[in-house]
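Colleague: Curious how this folds, go ahead:
(one chain, ligands or ions: 1)
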Amino acid sequence: MNRKLKFLAVLVVAAAIAIIIIQVNWLKSSYKIGKDKMLLETERLLDEAMLEHKELVAKKVRGLLKRTIRPQDIETAVHYQIPGRLQVELGFRTKRRVRGSWIETTVMRTELTAIQNNPYPRLVAEIDMRDLNRLESIYSAFVGTVTFPPNSTEEKQLDSLSKCFDLPRDTEILKSILQQKLDQSNLDIHIQLTYFERIYDAYSKRPTKKSVDTNNGQIIEVTLDEFRKRTLTAHLDSLHAEMKRRNATPGPSYITKLNMDNVNAIIRDQVPVFVLKVNIPIMSVAKQMIVALTSSISLLLLLFFCLGQLFYFILKQKKLADMKDDFMANVSHELKTPVATTLAAIQGMQYFDVLNDTEKTNKYLATAAKEMQRLSVLIDAILNNAFLEKAEFELNLTPFNFREMLQGMIAAQQNHTKKKVSIQLNYIAKDSISADPSHLYNVMLNLVDNAIKYGKEETKIDIRVTARGNGVVIVVDDNGIGIPDKYQLYIFDQFFRVPQPNDHSIKGYGLGLNYVKRIIEKHGGTIILLKSDTTGSTFEIQLPQ
Ligand code: ADP
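Modeller: Sure thing, here's the model as predicted:
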């Protein structure tokens with residue numbers, strides 16, 4: 001490879017590597033975007049699930065409240081006017097009236113008498129209207145105000161009611177609602193939901209001592225009690241910092257959700273928190289980015305295919321150019337020799353006055369004729385090849401006696417050569433075949449000529465012609481020197497010659513097999529090198545009829 005080509009190859013490889021790096025980075029970032037999208041979606045579903053779950057609990061609480069509170073337990077109390085509205089307080093009948101156990105409701109002036117007479121429907125409406133948070137205040141006003149006999153149904157219902165506000169117990173239900181939502185939206189992820197009574201339990205293991213970074217950069221040690229007394233904002237900051245740290249490391253991601261229902265808890269800075277641990281398998285993100293993935297991979301494959309083809313063609317062209325150079329060198333040597341020898345013979349006859357000496361004249365003429373013959377063969381080979389290049393080249397297909405043609409060719413070859421050559425013909429097919437006789441003759445001559453040229457001292461050639469399907473199969477088998485494995489792929493290429501240990505030891509131009517292949521293919525047939533090693537080579541031609 002020359003330097004320019006090497007430089008080009010290095011450039012192309014560098015460009016390919018750069019493209020791979022860019023693609024990999026792009027895939028990485030789209031993976032991250034895909035994962036973040038799934039996390040966002042999970043968070044949205046968690047919000048939905050929490051709402052749904054609360055509504056579910058609220059429904060249960062509403063039912064239980066309505067079943068437990070009896071009309072005779074309710075009374076109305078103060079009602080007062082605030083601009084534009086009339087505020088009425090509904091309470092539960094008790095011997096000792098405690099402030100704060102009243103439920104406020106806003107009514108129309110016209111409704112007042114009816115409500116005072118029978119407050120029960122108003123309370124039921126209030127129960128139906130309120131969310132879980134505000135239902136808890138009805139429940140709290142009710143519990144302890146109205147008393148029921150021990151072990152009565154009402155008391156049992158009150159017990160069930162108290163459990164409705166127990167979120168940790170319900171975490172599993174919330175999780176299953178969320179799981180159902182994940183399944184519906186085809187998000188293939190694994191979740192683990194944990195509930196912490198107090199926000200700081202979610203990020204800290206109840207330290208006895210804790211280092212706190214004060215505003216002026218000083219680190220002070222605080223005891224657990226002081227730690228608990230931190231403000232909600234301080235705890236929130238710590239929770240977010242902890243989750244950010246966890247989410248930055250590879251592995252599961254964490255989503256936190258405060259449960260801000262309980263006002264008392266918020267006032268005491270003891271907000272409960274849900275922590276959702278989300279494991280997103282690589283494959284489920286990959287599934288979401290299937291379009292991006294396949295297009296990117298196919299683009300890469302296409303790119304490499306094109307690069308491969310490009311290199312293949314460049315190398316092929318380069319090899320062809322090298323072979324053409326060899327051919328030119330070879331041909332010019334071959335052209336010079338016969339011309340020089342013939343010229344020498346003619347000049348010899350001119351200058352040395354040999355025309356009267358018949359024997360000498362014949363010798364000179366024979367030399368000249370032999371050289372001219374060589375020249376003619378060479379010119380034929382080159383012209384044949386040039387002829388085949390032409391697009392309008394057509395075969396002259398006619399039926400002829402192939403067996404006879406082979407027998408004639410074999411007889412001529414056996415007599416001509418200086419080597420000891422024996423050619424066997426085994427013809428088991430119809431004598432007459434349809435093909436271009438002169439080209440097929442050349443094909444067979446080329447193969448036999450090669451077998452003799454590249455044969456050992458005693459050359460044995462077997463030609464077998466058999467029928468296969470509608471066509472014929474011609475096998476030419478020799479016991480020659482064979483073709484090394486690494487060159488077998490190229491022997492049908494134009495100008496290709498297996499490098500000879502001592503240059504020009506066997507004459508040739510690398511055109512014969514290329515000619516053979518082109519002629520056979522023009523007939524619609526195929527030629528392959530069936531086998532070639534140090535014991536000889538076997539060529540097989542399939543010719544359709
Ligand atoms: P050439 O003019 O060199 O013979 P060909 O196209 O006929 O050109 O053959 C190409 C190359 O294949 C030859 O250089 C030779 O090395 C190898 N070859 C062809 N036929 C044979 C054979 N029967 N035995 C060994 N080598 C062969």
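Colleague: from here on, contacts and neighbour counts on C-alpha atoms
Modeller: OK.
Colleague: average pLDDT across the helix or strand containing Lys360?
Modeller: Counting by DSSP states H and E, the element that carries Lys360 is helix 358-389. Per-region confidence: helix 358-389 scores 78 on mean pLDDT.
Colleague: And that helix, how far out from the chain middle?
Modeller: Taking C-alpha atoms, centre = their mean, to the nearest Å, one finds the center of helix 358-389 at 62 Å from the center of the full chain.
Colleague: so what secondary structure elements neighbour that helix?
Modeller: When contacts are defined as 3 or more C-alpha pairs under 8 Å, 6 or more residues apart in numbering; DSSP states H and E, helix 358-389 sits against helix 290-351, helix 512-522.
Colleague: Tell me the helix or strand right after the shortest one.
Modeller: This points to helix 512-522. Later in the chain than helix 512-522, the nearest helix or strand by DSSP H and E is strand 526-533.
Colleague: Between helix 512-522 and that following strand, find me the angle.
Modeller: Computed by axes from the mean of the first three to the mean of the last three C-alpha atoms, to 10 degrees, the angle separating strand 526-533 from helix 512-522 equals 140 degrees.
Colleague: Would strand 526-533 count as contacting the ligand?
Modeller: No: remark: strand 526-533 sits outside contact range of the ligand, by C-alpha under 6 Å from any ligand atom, the gap being at least 7.7 Å.
Colleague: contact partners of the following helix or strand past that strand?
Modeller: Scanning forward in sequence from strand 526-533, with DSSP H and E defining helices and strands, the next element found is strand 536-543. Outside of strand 536-543, the residues that reach it under the criterion C-alpha atoms under 8 Å, 6 or more residues apart in numbering are 471-483, 520, 523-532.
Colleague: sorry, back to before: report the buried residues of the helix holding Lys360.
Modeller: Of the residues in helix 358-389, those scored as buried under the neighbour-count criterion (16 or more other C-alpha atoms under 10 Å) are Thr361, Tyr364, Leu365, Thr367, Ala368, Glu371, Met372, Arg374, Leu375, Leu378, Ala381, Asn385.
Colleague: could I get these as CSV with distance to Gly91?
Modeller: Conversion of the buried residues of helix 358-389 to CSV gives the following (distance: C-alpha to C-alpha, whole Å):
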residue, distance to Gly91
Thr361, 149
Tyr364, 144
Leu365, 143
Thr367, 140
Ala368, 139
Glu371, 134
Met372, 133
Arg374, 129
Leu375, 129
Leu378, 124
Ala381, 120
Asn385, 114
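Colleague: for the residues you listed, which one is nearest Gln500?
Modeller: The shortest distance between Gln500 and any of the buried residues of helix 358-389, using C-alpha to C-alpha, involves Leu378 and amounts to 19.6 Å.
Colleague: contacting residues for that closest one?
Modeller: Leu378 touches nothing, counting by C-alpha under 8 Å, 6+ apart.
Colleague: Look up how far Leu335 lies from it.
Modeller: 8 Å (C-alpha to C-alpha, to the nearest Å).
Colleague: One more: Asp237?
Modeller: For Asp237, the distance to Leu335 (C-alpha to C-alpha) stands at 94 Å.
Colleague: between these two, which one's more packed in?
Modeller: For Asp237 and Leu335, the more surrounded residue by other C-alpha atoms under 10 Å is Leu335, and the numbers stand at 17 against 12.
Colleague: The more buried one against Leu375, yeah?
Modeller: Yes: in this structure, Leu335 is within contact of Leu375 by C-alpha atoms under 8 Å, at 6.7 Å.
Colleague: Around the residue nearest to Asp449 when sequence neighbours are not counted, count how many other residues there are.
Modeller: Leaving aside its chain neighbours, Asp449 sits nearest to Gln413 (7.9 Å; criterion: C-alpha to C-alpha, 6 or more residues apart in numbering). When neighbours are defined as other C-alpha under 10 Å, Gln413 has 16 of them.
Colleague: measure Gln413 to Lys453 for me?
Modeller: Applying C-alpha to C-alpha, the value for Gln413 to Lys453 is 11 Å.
Colleague: How about Tyr364?
Modeller: According to C-alpha to C-alpha, Tyr364 and Lys453 sit 27 Å apart.
Colleague: Just say helix, strand or coil for the residue nearest to Asp449.
Modeller: Under DSSP: H, G, I helix; E, B strand; the rest coil, Gln413 falls in the helix class.
Colleague: So for it, what's the pLDDT?
Modeller: Predicted confidence (pLDDT) at Gln413: the value is 82.
Colleague: cool, Ile267 as well?
Modeller: The model reports Ile267 with a pLDDT of 71.
Colleague: likewise Asp533?
Modeller: Reading off the model, Asp533 has pLDDT 93.
Colleague: contacting residues for it?
Modeller: Contact criterion C-alpha under 8 Å, 6+ apart gives Ile481, Gly482, Ile483, Pro484, Asp485 as the residues in contact with Asp533.
Colleague: Now the buried members of the residues you listed.
Modeller: Ile481, Gly482, Ile483.
Colleague: Against the ligand, which of these make the cut? List them.
Modeller: When contact is defined as C-alpha under 6 Å from any ligand atom, those meet the ligand at Ile481, Gly482, Ile483.
Colleague: mind listing what the closest residue to the ligand within the stretch 151-300 of the chain touches?
Modeller: When scored by C-alpha to the nearest ligand atom, the stretch 151-300 of the chain has Leu300 as its residue closest to the ligand, at 38.2 Å. Counting by C-alpha under 8 Å, 6+ apart, Leu300 touches Ile20.
Colleague: So it versus Ala241, what's the distance?
Modeller: 41 Å.
Colleague: can you check Asn186 too?
Modeller: Look at Asn186 and Ala241: by C-alpha to C-alpha, they are 31 Å apart.
Colleague: can you check Arg44 too?
Modeller: Between Arg44 and Ala241 the computed distance is 21 Å (C-alpha to C-alpha).
Colleague: And Asp478, by the same measure?
Modeller: For Asp478, the distance to Ala241 under the criterion C-alpha to C-alpha works out to 84 Å.
Colleague: who has more neighbours, the two?
Modeller: Between Asp478 and Ala241, counted using other C-alpha under 10 Å, Asp478 has the larger neighbour count: 27 against 13.
Colleague: Just the buried ones among the contacts of Asp533: which are in strands?
Modeller: Secondary structure assignment by DSSP state E places none of the buried ones among the contacts of Asp533 in strands.
Colleague: Spit out the contact partners of the residue in the stretch 251-400 of the chain that the ligand sits nearest to.
Modeller: Scanning the stretch 251-400 of the chain for proximity to the ligand using C-alpha to the nearest ligand atom identifies Ala381 as nearest, at 9.3 Å. With C-alpha under 8 Å, 6+ apart as the criterion, the residues that contact Ala381 are Leu511, Gly512.
Colleague: circling back to that earlier point, adding pLDDT, write the ones next to the ligand among the buried ones among the contacts of Asp533 out as CSV.
Modeller: Shown next, in CSV, are these (pLDDT from 0 to 100):
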residue, pLDDT
Ile481, 92
Gly482, 94
Ile483, 95
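Colleague: Quick one: name the residues of the stretch 351-500 of the chain near the ligand.
Modeller: By C-alpha under 6 Å from any ligand atom, the part of the stretch 351-500 of the chain that sits against the ligand consists of Asn450, Ala451, Tyr454, Gly480, Ile481, Gly482, Ile483, Ile491, Phe496, Arg497, Val498.
Colleague: ok, of these, which come out buried?
Modeller: The neighbour count (16+ other C-alpha under 10 Å) marks Asn450, Ala451, Tyr454, Gly480, Ile481, Gly482, Ile483, Ile491, Phe496, Arg497 as buried among those.
Colleague: the helices in the stretch 401-545 of the chain, which residues?
Modeller: 402-416, 437-453, 512-522 (DSSP state H, counting those that start in this stretch).
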